[in-house]
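Enquirer: Okay, sequence plus prediction incoming.
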Amino acid sequence: MRYRLRTLFAVTTAVTVVLATWQIFLAPYRREAGIAALVRERGGDVSQKGAMLAPLLRYFGGDELFYLRGFYLNDSCMEPEVFDSVLKCRRVEFIEFSRADVYADQIGRLQRLPRLKCISVHDVAFDQKSLAAIGQLPGLFEISISTPSFGEFSDEDLAHFRNLESLQLLHLLDTYVTGEGFVYLSKLPNLRDALIVGNVFNDAGIASLGRCPHIEVLELQGVDVTDDGLSGLTTLTNLKGFQCSSTPFSDAAIKHLAKIDSLESLELHGTRLTGRTLGELRSLKKLKMLHLGYLTLIEDDAIPELSTLQQIESLYLCGAGFSDEGRQRLKMAMPNTFVGFSGVPYQRSTSESP
């Protein structure tokens, strides 16, 4: 009887310890679930990621094993009760501020988040002190700024980011950056990816961007860059991918792109190319993917030029004016290349000339 009582006591103690330990283990996840609910109640949102063992522990509370990896914060979420709660989530990797008043002291407190890698700013009332505070966040990997309502985010503001040695991606959408401010970022050792949207960015900006030697991927949308302005990209000896859309480049632009020997992927959408100079790209031995989207002036007479690009592995032509016969001719002329057509073929009016 004595041994049975000892055994029962030992089992009871062990179960109690296990349950207590499990509750202690669950406590941080439950706390973050409460923070997520608070943020959503104020009109924000969160990004969650399941813990490693969550599927296996579903029947033991595993459904609660999620931690918060990102926040989408609006103005209501910047109230102390909510923002202070956000700072307790130490595994947060990104924060997006949208239509909010954000102050320098709040940005400075983000240094408490050791895993924070990305900050996005959309329609946010930032001042210069707040921008300077972003530039002091250690380990920042990505910055995205779009349509700021606080004033003109311009070239001089890029100077705040000049010491972010870990910065790899910079996205500027509809700002007042002409591009000349990239001179401040020319010494950043890891800046590899830039996305620029807006018609303020110009040829001088391309020249300054060309002084950032580590850029590998560049995307331009609706910028005010001319054919000759693209010559500024020839100094980017590590540029592997270039994408441009809604910019009226002509055939003259190809001669500049053909000088970027490191190019592996080239995408041009919504330009004025006719295709008659595309053969110049055959000098790019590393070029494997060419995507020509909605280049409405490309027709069957561009086939001789395209067929010289035998190094291309994938060629995509969207919305071009090829005839059915022309499509077959192009595929036969490039037997080792995947040639894809999609979109509605362009029908030029009789009054329009290339």
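Expert: Thanks, I have it. No experiment lies behind these values; they were computed from the predicted model shown.
Enquirer: Run through the chain and note the low-pLDDT ranges.
Expert: Scanning the chain for pLDDT under 70 picks out the ranges 1-27, 50-65, 148-151, 295-296, 343-354.
Enquirer: tell me the helices in it, going along the chain?
Expert: For the chain, applying DSSP state H gives helices covering 2-41, 80-86, 104-109, 128-134, 203-209, 254-257, 303-306, 324-333.
Enquirer: Residue 302 contacts residue 277, correct?
Expert: No: if you go by C-beta atoms under 8 Å, residue 302 and residue 277 don't touch, sitting 9.4 Å apart. Quick note: C-beta positions are derived from backbone N, CA and C, even for glycine.
Enquirer: neighbour count winner among these two?
Expert: The residue with more neighbours, out of residue 302 and residue 277, is residue 302; 26 against 18, by other C-beta atoms under 10 Å.
Enquirer: What separation do you get for that one and residue 219?
Expert: 24 Å (C-beta to C-beta, to the nearest Å).
Enquirer: How many residues are close by residue 324?
Expert: Counted with other C-beta under 10 Å, residue 324 comes out at 9.
Enquirer: Then residue 224?
Expert: Per other C-beta under 10 Å, the neighbour tally for residue 224 reads 16.
Enquirer: Am I right that it is in contact with residue 199?
Expert: Yes: using C-beta under 8 Å, residue 224 is in contact with residue 199, at 4.8 Å.
Enquirer: What is the lengthiest strand in the chain packed up against?
Expert: Ordering each strand of the chain by length in residues (DSSP state E) puts strand 66-73 first. Counting contacts by 3 or more C-beta pairs under 8 Å, 6 or more residues apart in numbering; DSSP states H and E, strand 66-73 packs against helix 2-41, strand 45-50, helix 80-86, strand 94-98.
Enquirer: buried sites along it?
Expert: Neighbour counts over strand 66-73 (16 or more other C-beta atoms under 10 Å) mark 66-68, 70-73 as buried.
Enquirer: Please apply the same query to stretch 192-199.
Expert: 192-198.
Enquirer: ok, of those, which one's closest to residue 162?
Expert: Residue 162 has its nearest neighbour among the buried residues of stretch 192-199 in residue 194, at 14.9 Å by C-beta to C-beta.
Enquirer: what's the burial count for the nearest residue to residue 133 once chain neighbours are set aside?
Expert: Nearest non-adjacent residue to residue 133, counting by C-beta to C-beta, 6 or more residues apart in numbering: residue 107, 3.7 Å away. Counted with other C-beta under 10 Å, the neighbours of residue 107 add up to 22.
Enquirer: just residue 311 next, same as before
Expert: Count around residue 311 with other C-beta under 10 Å applied: 16.
Enquirer: Might one say that it is in contact with residue 284?
Expert: Yes: at 7.3 Å, residue 311 counts as touching residue 284 under the criterion of C-beta under 8 Å.
Enquirer: how far away is the nearest residue to residue 92 once chain neighbours are set aside from residue 39?
Expert: Among residues not flanking residue 92 along the chain, residue 113 sits closest, at 5.0 Å (C-beta to C-beta, 6+ apart). Look at residue 113 and residue 39: by C-beta to C-beta, they are 15 Å apart.
Enquirer: Repeat that for residue 152.
Expert: The gap separating residue 152 from residue 39 is 30 Å, by C-beta to C-beta.
Enquirer: more neighbours, those two?
Expert: Per other C-beta under 10 Å, whichever of residue 152 and residue 39 has more neighbours is residue 39, with 24 against 12.
Enquirer: Touching, the more buried one and residue 88? I think so.
Expert: No: if you go by C-beta under 8 Å, residue 39 and residue 88 don't touch, sitting 12.0 Å apart.
Enquirer: what about stretch 205-223, start to end distance?
Expert: 10 Å (C-alpha to C-alpha, to the nearest Å).
Enquirer: One more: stretch 314-326?
Expert: End to end - C-alpha to C-alpha - stretch 314-326 spans 18 Å.
Enquirer: Now do it: distance to the chain's middle.
Expert: Distance of stretch 314-326 from its chain centroid, counting by C-alpha atoms, centre = their mean, to the nearest Å, is 29 Å.
Enquirer: Use 28 as the first number for this chain going forward.
Expert: Happy to do that; since the first residue is 28 now, the last one works out to stretch 341-353.
Enquirer: Tell me which residues of it come out buried.
Expert: 342-349, 353.
Enquirer: residues contacting residue 275?
Expert: By C-beta atoms under 8 Å, 6 or more residues apart in numbering, residue 275 lies in contact with 298-299.
Enquirer: actually residue 199, not the one I typed
Expert: Residue 199 makes contact with 172-173, 180, 221-225, 228 under the criterion C-beta under 8 Å, 6+ apart.
Enquirer: which residues pair with it across the strands?
Expert: residue 172, residue 223 (DSSP bridges).
Enquirer: What is the burial count for residue 294?
Expert: Residues within reach of residue 294, counting by other C-beta under 10 Å, total 16.
Enquirer: who touches stretch 333-345?
Expert: Contacts for stretch 333-345 (C-beta under 8 Å, 6+ apart): 296, 302, 305-306, 308-309, 311-312, 314-322, 325, 357, 360-361, 363-370.
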